[in-house]
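**Q** have a look at this prediction, sequence included:
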Amino acid sequence: MQLELEQAKRRPMHVEGVVELPRIAQENPQVARIQPVVVRVDVDFTKSVYRLRAALATEVEYVCSRCLESFTAPLQTEFTERLRVLGTEAAADEDILTVDSPTVLLDPYVEQALNLALEYRPLCRGDCRGLCVECGCNLNERQCSCDTRRVDPRLAVLQDLLSKDDSE
Ligand SMILES: [Zn+2]
Ligand SMILES: [Zn+2]
């Protein structure tokens with residue numbers, strides 16, 4: 001999605017577009033798929049600096065970090081950015097990014113904002129019970145009969161010693 005910043009010189013502009021970011025699913029193992037991102041951006045121009053305010057909306061298919069089932073969740077976020085075009089009189093400022101040309105490709109900014117907004121340990125639901133460590137069944141769907149509290153006999157001896165230590 002390209003932005004012609006100079007169109008905002010006379011009056012603020014509003015642009016809408018769609019950005020496809022398949023790389024997000026390739027680089028984030030917890031993301032199975034991401035829908036095209038709807039981008040709505042407002043640009044205004046003061047003291048030779050362009051200010052962008054963008055709202056992003058999409059839908060992400062996540063892989064639950066406990067049960068590994070996939071589920072879909074809406075994702076909305078926003079970002080603001082201030083840009084100056086190289087060679088213009090805009091004052092240099094740490095918070096202002098310098099771009100080579102007034103024609104700006106918005107995709108990298110959108111990708112960065114989405115990466116920050118993604119869930120890193122997504123859960124299909126808050127109380128997801130995950131997979132049984134013994135048989136691997138999905139405990140949200142059925143309760144197996146495995147005893148997962150079983151303790152290795154060698155560890156049991158150690159636990160015994162530790163609890164004796166505590167009491168002395
Ligand atoms: Zn789950
Ligand atoms: Zn089990």
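**A** Thanks, I have it. Ligands and ions are numbered 1, 2, ... in the order given.

**Q** now Arg121. Nearest residue, chain neighbours left out?
**A** Of all residues not flanking Arg121 in the chain, Ser65 sits nearest, at 4.4 Å (Cβ to Cβ, 6 or more residues apart in numbering). Backbone N, C-alpha and C define where each C-beta goes, glycine included.

**Q** what sits against the one you found?
**A** By Cβ atoms under 8 Å, 6 or more residues apart in numbering, Ser65 lies in contact with 30, 121-123.

**Q** which residues in this protein form helices?
**A** With DSSP state H, the ranges of helices along the chain come out as 23-27, 107-117, 153-167.

**Q** buried stuff in the first one?
**A** By neighbour count on 16 or more other Cβ atoms under 10 Å, the buried set for helix 23-27 is Ile24.

**Q** chain center to it: distance?
**A** For helix 23-27, the separation from the chain centroid amounts to 11 Å (computed by Cα atoms, centre = their mean, to the nearest Å).

**Q** which strands and helices sit next to it?
**A** When contacts are defined as 3 or more Cβ pairs under 8 Å, 6 or more residues apart in numbering; DSSP states H and E, helix 23-27 sits against strand 31-34, helix 107-117.

**Q** got the CA positions of the longest one in CSV?
**A** Pointing back at helix 107-117 there. Presented in CSV, the C-alpha positions along helix 107-117 are these (Å, rounded to 0.1, in the frame of the first residue of the first chain):
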residue,chain,number,x,y,z
ASP,A,107,3.6,-2.2,4.4
PRO,A,108,6.7,-2.4,6.7
TYR,A,109,5.0,0.0,9.2
VAL,A,110,1.9,-2.2,9.2
GLU,A,111,3.9,-5.3,9.6
GLN,A,112,5.8,-3.9,12.6
ALA,A,113,2.7,-2.8,14.3
LEU,A,114,1.0,-6.1,13.8
ASN,A,115,4.0,-8.1,15.1
LEU,A,116,3.8,-6.1,18.3
ALA,A,117,0.1,-6.7,18.6
